[in-house]
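Student: Curious how this folds, go ahead:
(2 chains)
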Amino acid sequence: MKRMIRHYLAAVLAAAVLSSAGLAAGAAPGVSECMDCHGDKTIEKSLPNGKTVSLYVDLQAYNSSVHGKDSCVTCHADAKAPHEKLKKVSCGKCHGDAEKSYSTSSHGIMRAKGVTDVPACYDCHGMHDIRKAKDPAARTFRLNIVETCLRCHKDQAIEQKYNLPDQKAMVAYEQSVHGMASKKSGLTGSAVCIDCHGNHAILPGDQPRSATHRQAIPTMCGKCHPGILEKYEKSVHGKGMRAGIAESPVCTDCHGEHTIARVSDPSSSVSSRNIPKTCSGCHDKEGISTRYALPKKRFSSYMDSFHGIAVEYGMTKAANCSSCHGVHEILPASDPASSVNKANLPKTCGKCHPNAGPNFAKGDVHVEISPKKAMGVFAVRVFYTLFIGTLVFLFVLHVGLELYGRWNRRKEKAPGGKEGRS
Amino acid sequence: MPEDDRKDINRDAVAREIEAAVNEQVSGLPPEQADALREKIRLRVREEIERDLRARTVSERREAVRLAREARKKEKDAEEGETFLRFNRNFRFQHMVMFSSVILLIITGMPLKFPGFILSRFVINFWGGIQNSTIVHRVGAGMLIYFMVHHFFYTILTRDGRRDFVLLLPKFGDAKDIAHNIRHFLGKVADKPRFGRFSYIEKFDYWAVYWGCIIMIGSGLFLWFETDVLRFLPKYALDVAHEMHSDEAMLATLAIVIWHFYNVHFNPDRFPGTLLWWHGRITEHEMKEEHPLELEEIVARRAKESAEVTNR
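Tutor: This next block holds a predicted model:
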């Protein structure tokens, strides 16, 4: 009751001020006039569902905002004093491009359908306190973006409602090399959400127009890593990707997405320890080997070698896939420029084995033990399998017979046995 | 006058002993005569004492200790009888170097053959990671190579080494022993085969080590110095060496664990093992059981020797 009286008084007061100020001010109220009511921290509106919304406007925040020099009516064109519910503010009136690209995004499409809990302009940019993205205090400042996006994308309820990726996937970003660089080291050059996903035109990766669509990923990463992109484009993977082969790996297939970590980080998918698993994710697949006519058993033959075993036990200096095949510039062995071309093998092996000569290239590196591929190794293995089998059989037979003999004689010696009776 | 022999002896005590002896000798004589003789007697007494000291050399003292111990043992269990030195100190040392190195090699090598086995990672981490474990493996390899060289010279240069090498050579009699032993196990023959110094079981052990050392050290050196080897040989030769190293390691381990361990540890007569590898001694009772022919030879040789002494 008291509150209603106060509202009524405020309205009367506003009317009195307006009428005394004359008609000139009456058409378009100035900031100070709006603040007469909205400067009151207790002013609020009751919603039909019983909740209340504060109608207070922080004048100081507004004044230091990017729009602080404008007046209230620039956005709230239909504002008079006093007024009923105002029309929705249209940012597109001035920011036409932004609104247009927003309307193509998942957020914009949902909102156009009438869904209200997807972000509108003000959810990311703020309302009266909008600041330029370059302003460190802005919600859209590079170092604040993650927090702004995660306000919704960390929320399990929203995640389930809209079938979004697991919150863990999102939060993993904070531990990634990009997340650490921006959050811990405070570097603005590090990638934040919008750098990969786009800002207004944000779309899920499965849509062809999305910035994170498979075919767009190398170019997108290349915005910050142009040197790597150049190498990648020349590699067998890059060429395949550009030829439209969807199975050809792009950056995220090896490095991960939100989890991207340094090579030196043991948890990274491209760390020395994990890289065999990462590469074999495709190269140990029968289908891929067959479709692209690749040699088979690359993973198992590597894991049987000393290199593979040492890497598995955590010897970081032992060769992993990329030590020989290269990283972004991987080429098939048939290519003369490839580091694993027979002619280049001595040089490649020589990185770790000083003075490696041409003999390094005589024989397979991925040794497949079959009569056709490695007769010598195969023969030794067959010989030893038979030899060990025979000897172990004879050992066990001898030991078994001896124990049998002992057991027998003990029975005889025991009272009631043959000897005992005689 | 040799200083060495008197090192551990209290000089004063010796001097006093000499003076006492001299005084005793000259006590009955008149003073003029006594003074003349005193120096002569002193020299003679000292010489006598020193000769006595020289005679008790280190080895003799050790032998005396051993005999005393044996006598005590004989008193305790009479049926064990006399003890014989089966393996000399040099041979025992070689065996110790070898088994320490082989243990090191197996526990650092097997995890590389079975990386998926649950204990493998534990064993590698025990050394502080794969980097250290490869160093330990090379230390073991160095010890095994040393053993091989040592044994080679032991075989050539020492009398015991030459004798044992000849006795270890396989003979036709070994085949007969095997057949006899199996018939004995099956209960067809009551008595065990009568073995000499080395039974076919021990001969197999010995030659298995010989074969194993040659293959393992040979292929191991290939893998150790891979870049130098690849200067002369193609990569596929190294692959063959790698396969041999891996397979022979398996064979050696199984031979040790099944054959050697059963025969010296899990055999009910010896469980859980004897200290033969440490003191090298074997009792007369054991000699009768396991090496009766050698015992007979020893007894015959002794009889011959004592006969020669009496004839002289």
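
Student: Residue of the stretch 1-150 of chain B nearest chain A, please.
Tutor: B:Ile130 (3.8 Å; CB to the nearest CB). Every C-beta, even on glycine, is put in place using the N, C-alpha and C of the backbone.

Student: Local confidence estimate at that residue?
Tutor: Looking at B:Ile130, its pLDDT reads 91.

Student: Now do the contacts for it.
Tutor: A:310, A:313-315, B:124 (CB atoms under 8 Å, 6 or more residues apart in numbering or on different chains).

Student: where do the strands sit along the chain?
Tutor: By default, I'm working from chain A. All strands of chain A, identified by DSSP state E, fall at A:44-46, A:52-54.

Student: you looked at the wrong chain, it should be chain B
Tutor: Going by DSSP E, chain B shows strands at B:83-85, B:281-283.

Student: List the contacts of the last one.
Tutor: Think strand B:281-283. Residues outside strand B:281-283 that contact it (CB under 8 Å, 6+ apart) are B:80-86, B:276, B:291.

Student: The same query, at a cut-off of 6 Å, please.
Tutor: B:80, B:83-86 (CB atoms under 6 Å, 6 or more residues apart in numbering or on different chains).

Student: Need the winner for burial among the strands of chain B.
Tutor: Mean neighbour count (mean count of other CB atoms under 10 Å in any protein chain shown) peaks for strand B:281-283 among the strands of chain B, with a mean of 18.

Student: Could you count how many residues lie near A:Ala310?
Tutor: A:Ala310 has 23 neighbours, counted by other CB atoms under 10 Å in any protein chain shown.

Student: how close does it get to chain B?
Tutor: Note on A:Ala310: its distance to chain B, by CB to the nearest CB, to the nearest Å, is 6 Å.

Student: tell me the contacts of that residue?
Tutor: A:318, B:130.

Student: List just the nearest of the contacts of B:Ile130 to A:Thr259.
Tutor: When the contacts of B:Ile130 are compared for distance to A:Thr259 (CB to CB), A:Gly314 wins out at 20.4 Å.

Student: Please report the distance of the closest one from B:Gln131.
Tutor: Using CB to CB, to the nearest Å, A:Gly314 is found at 9 Å from B:Gln131.

Student: ok so, going back, out of the contacts of B:Ile130, flag the one nearest to A:Ala61.
Tutor: A:Gly314 (53.5 Å).

Student: and that closest one, how many neighbours does it have?
Tutor: 16.

Student: got any ranges where the chain has weak pLDDT?
Tutor: Because you didn't say which chain, this covers chain A. Counting by pLDDT under 70, chain A has low-confidence residues at A:1-28, A:414-422.

Student: um, chain B though
Tutor: For chain B, the ranges with pLDDT under 70 are B:1-10, B:55-58, B:76-80, B:312.

Student: Quick check: closest non-adjacent residue to the residue most central in space within it.
Tutor: By CA atoms, centre = their mean, chain B has its centre lying nearest to B:Arg92, at 1.9 Å. Distances taken as CB to CB, 6 or more residues apart in numbering or on different chains put B:Gly280 closest to B:Arg92, at 5.0 Å, once the chain neighbours are dropped.

Student: Distance check, that neighbour against chain A.
Tutor: 25 Å.

Student: Tally up the residues packed near the spatially closest residue to A:Lys41 that is not a sequence neighbour, please.
Tutor: Take A:Lys41 and drop its neighbours on the chain: the residue closest to it by CB to CB, 6+ apart is A:Tyr56, 5.0 Å away. Here the count is done by other CB under 10 Å, and A:Tyr56 has 16 residues near it.

Student: Distance check, A:Tyr56 against B:Val97.
Tutor: Distance of A:Tyr56 to B:Val97, computed by CB to CB: 88 Å.

Student: can you check B:Leu254 too?
Tutor: From B:Leu254 to B:Val97 the distance is 22 Å (CB to CB).

Student: These two: who's more crowded?
Tutor: Legend: neighbour count by other CB under 10 Å for B:Leu254 and B:Val97, higher for B:Val97 (17 against 14).
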